[in-house]
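# Please find the sequence and the predicted model below.
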Amino acid sequence: MDTLSTNTIRILAAETVQKAKSGHPGAPMGCAPMTHVLFSKIMKYNPRNPSWVNRDRFVLSNGHGSALLYTMLHLSGYDVTRDELKTFRQYNSRLAGHPENHLLPGVEVTTGPLGQGICNAIGMAMAQAHLGARFNREGMDLFNHYVYAIVGDGCLQEGVSSEACSLAGHLKLGRLIVLYDDNGITIDGQTNISFTEDVGKRFEAYGWQVLSVADGDCDYAAIEAAIREGQQETARPTLIKIRTTIGYGASKEGTEKVHGAPIGDADIAAFKTKHGLPADPFSVLPEVEGFWTEVATQGPRHEADWSALFARYAAAYPEDAAEFERLRRGDLPDGWERALPEISETVATRKSSEMVLNAVAPAVPELVGGSCDLTHSNLTFMKCSGSFQAETPEGRNIRWGVREHGCAAICNGIAAYGMLIPYGATFFVFAGYALGAMRVAALAQRRVIYVMTHDSIGVGEDGPTHQPVETLLSLRALPNLYTVRPADAIEVAGAYAFALQHKTAPTCIALSRQNLPRLPGSQRDGVACGAYILHEPASAPAAIIIATGSEVQTALDAVQRLAPETAVRVVSAPCLEAFDEQPAEYRQRVLPEGVPVLSVEAATTRGWERYAHAHVGIDSFGISAPAARVFEHFGITAEGLAAKTQQLIAFYATRPVPPFFQAPW
């Protein structure tokens, strides 16, 4: 049955790609044996309840092989019909070209950008270790499952996987087992044209157990034995190098030509004839269907056993069980908002962030995270808990090391696991290192929080290498990512409240290095509106200054210089994405027609044309000098803004003021 089932997986995946006239059949045909063993002999899961908490997790890191995952979900009893396999890569299909978690139950994470999936698997293993340390009791292990991932050469060449796998070895994640599809092929050809390192020795250096299977095409017993050996190693993650043939059974097997194109109707027919499979498209032999039907019956039994265990647990530890259920539902604790502090001191927003985080952390115990080796600069250590280490996985402070991309990608896995809210911190300019994973978080609808400090030219002497003039624009361009740049401590509290309550989107909080006063009129709830009126003059405004972050104080100072002769409204706009979501009536009230608007931000002016008629900002790299001198150089001072505002008013005194929110759609 092993061979018959595996060949069925191979041909169903190949037919799925053939029907779509696009896709990647090579990896599914090569990985079919290891996937057959995993789903039929090893993993515990319940297709009738894909969200069962203690299920084994499976991540297809080489997400281009998605036809393999969809085939396995179909055969093993998930809600994927054979007819649905025929919709692969088509309009409105749940079977996207690369797996997307929010489209299809059974798809744990969104993969496709190589390297992201294995990082997600590491995040899941970290979440399992942390929650197990928190909830497991003697004889009552609520969390004792494994995390399995299949990776290819491309995943292991991407730098992000090196960052994450290094951390996984350090943390000794013994319930993580990674199956390496060692087929020796990438898109350009044989891997040896660019990739000749000894992967096994590399992972041994990371602190992993490394096992090998010489014949991954047909030796099912060896694959199973290696996985079970990996299960026995509890102090190290395991990498199993499985030598496979890409596109096994196709006429172009073993070459890059079978990687990313359908194998052709002739190859499909020949494969079926050779291996005794039905000639009709998408047909499965009755004995294979019966085999997988029997496999599917095991899932409810596994969950029933666990549910009985949980009932005993709840009787013995009712408070812990109630907390477990709250986390499983994804609800924040009742009254958690009362922990948000009122801060009146003049401090940098990175400092007020530390104060807010440490006020909220005891009330929201699902918060886990830390800094990428910048703890004393980012100020993100939760004093109510210790560090997450191999010996202390109950700790909530994660020491990411200098691994920004790995941090962000692992956070996606922690968020995917559920029951936890991860955050990662670094300098704002290094968001560029993490951007690939941040994009996946937005696409996958993950609640991840990025705490990024040193948000502007205010870093001063560190110079243009560390002055993120373009970063706000690049993050604002990402759909479903909220970028919040608070102006003072009150807005910082609002930023955390906003981020914690957004279950289906990541949030980046950009924070200042320099001290900022508490602003008169600032509103915690204003952050959720995206922009709000911070200062309203006594008479009708002749102009509006809209600003974010540290520049809001500069705008207020400019308005004071213009008063009382010139009346100017000040709008604080901590989150433009949230402002865009407000009703048109609200947006027009904040930025009414007929009133010229000046935008002020210590970053590029690009993008502000949607909200302002003129702009003060930085459309070049910064300079190295004390912060005050840098702001002066770029004209971001009270004097400079006052002069620009007067010029704006004079310009539109004889011209119509263009409206912002009038459009046919």
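Arrived safely, thanks for sending. Numbering: from 1, shown residues only.
# which SS class is D331?
Look at D331: counting by DSSP: H, G, I helix; E, B strand; the rest coil, its state is coil.
# quick one, phi psi at it?
phi -80, psi 140 (degrees, to the nearest 10).
# That one: neighbouring residues, count only.
D331 has 12 neighbouring residues, counting by other CB atoms under 10 Å. C-beta coordinates here come from the backbone N, C-alpha and C atoms, glycine included.
# Equivalent analysis for G413, please.
Residues near G413, counting by other CB under 10 Å: 30.
# what's the spacing between it and E639?
50 Å (CB to CB, to the nearest Å).
# Could you find the closest non-adjacent residue to the residue at minimal distance from the centre of the chain?
What sits nearest the mean C-alpha location of the chain, by CA atoms, centre = their mean, is A441, with 2.7 Å. Closest residue to A441 in three dimensions, ignoring its sequence neighbours and counting by CB to CB, 6 or more residues apart in numbering: P506, at 4.3 Å.
# now do M452
F428 (4.1 Å).
# Report the separation between that neighbour and R350.
Taking CB to CB, one finds F428 at 10 Å from R350.
# Comparing these two, which shows the higher neighbour count?
The residue with more neighbours, out of F428 and R350, is F428; 29 against 24, by other CB under 10 Å.
# pLDDT score assigned to the more buried one?
With respect to pLDDT, F428 scores 98.
# cool, and S22?
97.
# Show the contacting residues for it.
89, 97, 261-262 (CB atoms under 8 Å, 6 or more residues apart in numbering).
# so where is this structure shaky, pLDDT-wise?
Judged by pLDDT under 70, the chain has no weakly predicted residues.
# May I ask you to confirm that A133 is in contact with E394?
Yes - under the criterion of CB atoms under 8 Å, A133 makes contact with E394 at 3.9 Å.
# Tell me the secondary structure at C508.
Taking three-state DSSP, the label given to C508 is strand.
# ok, longest helix in the chain?
helix 286-316 (DSSP state H).
# What helices and strands are in contact with it?
Secondary-structure packing of helix 286-316 (3 or more CB pairs under 8 Å, 6 or more residues apart in numbering; DSSP states H and E): helix 2-20, helix 318-329.
# if we go to 6 Å?
Using 3 or more CB pairs under 6 Å, 6 or more residues apart in numbering; DSSP states H and E, the elements in contact with helix 286-316 are helix 2-20.
# what distance separates stretch 490-505 from the centre of its chain?
16 Å (CA atoms, centre = their mean, to the nearest Å).
# Report the buried residues of it.
490-500, 502, 505 (16 or more other CB atoms under 10 Å).
# How about stretch 459-466?
Buried-residue list, stretch 459-466, by 16+ other CB under 10 Å: 459-460, 462, 464, 466.
# Could you work out the most separated pair of the residues you listed?
Using CB to CB, these span at most 11.1 Å, a distance reached by G460 and P464.
# May I ask which helix or strand encompasses L156?
helix 153-157 (DSSP states H and E).
# quick one: contacts for D181?
By CB atoms under 6 Å, 6 or more residues apart in numbering, the residues touching D181 are 31, 150, 152, 244.
# Just those residues: which are in helices?
Using DSSP H, the contacts of D181 in helices are C31.
# What segments of the stretch 551-665 of the chain are helices?
All helices of the stretch 551-665 of the chain, identified by DSSP state H, counting those that start in this stretch, fall at 551-562, 576-580, 584-590, 627-633, 638-651.
# Distance to G174 and mean neighbour count added to those helices, as JSON lines?
Listed next are the helices of the stretch 551-665 of the chain as JSON lines, based on distance: least, CB to CB, whole Å; neighbours: other CB atoms under 10 Å:
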{"stretch": "helix 551-562", "distance to G174": "49", "mean neighbour count": "22"}
{"stretch": "helix 576-580", "distance to G174": "40", "mean neighbour count": "19"}
{"stretch": "helix 584-590", "distance to G174": "52", "mean neighbour count": "14"}
{"stretch": "helix 627-633", "distance to G174": "47", "mean neighbour count": "17"}
{"stretch": "helix 638-651", "distance to G174": "58", "mean neighbour count": "18"}
